[in-house]
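> whatever this is, show me its structure:
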Amino acid sequence: MGTAMRERHRGQRANWLRAAVLGADDGIVSVASVMIGVIASGASRSAVLTAGVAALVAGAGSMAAGEYVSVSSQRDTERADLALERTELSRDPSGEARELAGIYRGRGLAPELADQVAEALMAHNALEAHARDELGLAELALARPVQAALSSAASFTVGAALPIAALLIAPAPARTITVIVTALVALVALGIAGAIAGGAPVARAALRVGIGGGAAMAMTAGVGRLVGNAGI
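Residues are numbered from 1 along each chain as shown. Presented below is the predicted three-dimensional model:
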């Protein structure tokens, strides 16, 4: 007698994984870039640390607020669609049943079987059936604003803390290279972890975040050096 195997799908992780990876990546890149730009300007270690901590606090708040507003808008749209579908079901249940059967016929079911499936699902939970098969909404995939906001803020803070910690432990002559190397290693590790959690190609994800982060830090280093030498 064979043992049933359950497939492990990762789609249910999409919302929180996206927010967490985005938050950590932004925390590492933005705070490290700010710090490297300030270092390149010739500022003192205290000024660099102040800039890094300020960037951490501002970035975490911005990420949380941005995610909450964005995902709340998505959630409002989903609720409006569900409310409209609920109204249509109360006004014309037979028409909605035909619409559902048409969806199943379009997916390859025979007409009689499509009618039977639509009838059974409408009897069980009509709104759930239409939300899933007509609107493409499922409970696991519904937008969660608070979860997204908290996940983004927490992951941003964790990511941002890494270059700050590197600055604190690095000797003065090596602080720039220490912050850069720490940020790049953390970005590559983040890309690998996100790819593994989401079932995506590891090498591509690591390369993508590494190159993007390196480019951002290089640009801010150049700007910092230009502004610092401008004598403004």
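
> packing partners of the helix or strand of the chain with the lowest mean pLDDT?
None of the helices or strands of the chain scores lower by mean pLDDT, DSSP states H and E than helix 14-40, at a mean of 81. Of the remaining helices and strands, those touching helix 14-40 by 3 or more Cβ pairs under 8 Å, 6 or more residues apart in numbering; DSSP states H and E are helix 45-91, helix 145-169, helix 175-198, helix 202-228. C-betas here are computed from N, CA, C, even on glycine.

> next, format those helices as a markdown table and append mean pLDDT and distance to Leu22.
Shown next, in a markdown table, are the helices and strands packed on helix 14-40 (pLDDT from 0 to 100; distance: least, Cβ to Cβ, whole Å):
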| stretch | mean pLDDT | distance to Leu22 |
| --- | --- | --- |
| helix 45-91 | 88 | 8 |
| helix 145-169 | 89 | 7 |
| helix 175-198 | 84 | 10 |
| helix 202-228 | 84 | 11 |
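
> the ones you listed: which one's closest to Ala24?
helix 145-169 (3.8 Å; Cβ to Cβ).

> burial check on Ala221, number of neighbours?
As a burial measure, Ala221 scores 20 neighbours (other Cβ atoms under 10 Å).

> quick one: it and Gly37 touch, right?
Yes - assessed by Cβ atoms under 8 Å, Ala221 is found in contact with Gly37 at 6.1 Å.

> how much space between Ala200 and Ala131?
Separation of Ala200 from Ala131 (Cβ to Cβ, to the nearest Å) stands at 28 Å.

> the two: who's more crowded?
Counting neighbours by other Cβ under 10 Å for Ala200 and for Ala131 shows that Ala131 has the greater number, 20 against 12.

> contact partners for the more buried one?
Asp81, Leu82, Glu85, Leu137, Ala138 (Cβ atoms under 8 Å, 6 or more residues apart in numbering).

> would you point out the most distant pair within those?
Glu85 and Ala138 (14.0 Å).

> burial count for Ser46?
Neighbours around Ser46, by other Cβ under 10 Å: 8.

> for the closest residue in space to Val21 that isn't next to it in sequence, give its distance to Ala20.
Counting by Cβ to Cβ, 6 or more residues apart in numbering, Val21 lies nearest to Gly194, which is 4.3 Å off, once chain neighbours are set aside. As judged by Cβ to Cβ, Gly194 and Ala20 stand 8 Å apart.

> returning to what we had before: give me the buried subset of the contacts of Ala131.
Among those, those scoring as buried are Asp81, Leu82, Glu85, Leu137 (criterion: 16 or more other Cβ atoms under 10 Å).

> the third one: what's it in contact with?
Same thing as Glu85. If you count contacts by Cβ under 8 Å, 6+ apart, Glu85 has them with Leu127, His130, Ala131, Glu134, Leu135.

> the residues you listed into a markdown table, with extra columns for pLDDT and secondary structure?
Shown next, in a markdown table, are these (pLDDT from 0 to 100; DSSP: H, G, I helix; E, B strand; the rest coil):
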| residue | pLDDT | secondary structure |
| --- | --- | --- |
| Leu127 | 84 | helix |
| His130 | 82 | helix |
| Ala131 | 82 | helix |
| Glu134 | 78 | coil |
| Leu135 | 78 | coil |
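
> which of these has the most neighbours?
His130 (25 neighbours).

> close enough to count as contact, that residue and Glu96?
Yes - between His130 and Glu96 a contact is recorded at 6.5 Å, counting by Cβ under 8 Å.
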